[in-house]
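In: Sequence first, predicted coordinates after that:
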Amino acid sequence: MEVLRDYGLPIRAECGGACACATCHVHVAESGRLPLSAPEDDELDRLAEIFDADDSSRLACQILTGPQTDGLAVRLAQGSLRDDSLRDDPLRDDFVAGGVS
Ligand code: FES
């Protein structure tokens, strides 16, 4: 989640990474799923509360970043956009790099 903020993406992330709000919901691109650790129970509980969550869903604040996430591509879920006025922004539909080098 901090990486996404560092890239200037408009992610809400209202609880600051405490796994309490689910406003950092992202969809992980198919090619980016393998290196990620499995979600913990708290994350799965939050994801179960999101109507548009699917098999590609993760909470960005729960993804441990490091060399293993280099090149990871995610898409911000619509409900995770910080400002409703950005919903027509092309960033919404673009996959963006969120890796750490
Ligand atoms: S920032 Fe709240 S759950 Fe991720």
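Out: Everything's here; your move.
In: use CA for all of it now, contacts and neighbours both
Out: OK.
In: wait, S57 sits on V28?
Out: Yes - applying Cα atoms under 8 Å, one finds S57 in contact with V28, separated by 6.3 Å.
In: Spell out which parts of the chain neighbour the ligand.
Out: Contact residues, the chain versus the ligand (Cα under 6 Å from any ligand atom): 13-24, 59-61.
In: switch the cut-off to 5 Å
Out: Contact residues (Cα under 5 Å from any ligand atom) of the chain with the ligand: A13, C15, G16, G17, C19, A20, C21, A22, C24, C61.
In: What count of nearby residues applies to the residue lying closest to D83 once chain neighbours are set aside?
Out: Nearest residue to D83, sequence neighbours excluded (Cα to Cα, 6 or more residues apart in numbering): P10, at 7.1 Å. Other residues within reach of P10, judged by other Cα atoms under 10 Å, total 17.
In: swap in S37?
Out: By other Cα under 10 Å, 12 other residues sit near S37.
In: For it, give me its contacts.
Out: I63, L64 (Cα atoms under 8 Å, 6 or more residues apart in numbering).
In: What distance do you get for L47 to G16?
Out: Between L47 and G16 the computed distance is 16 Å (Cα to Cα, to the nearest Å).
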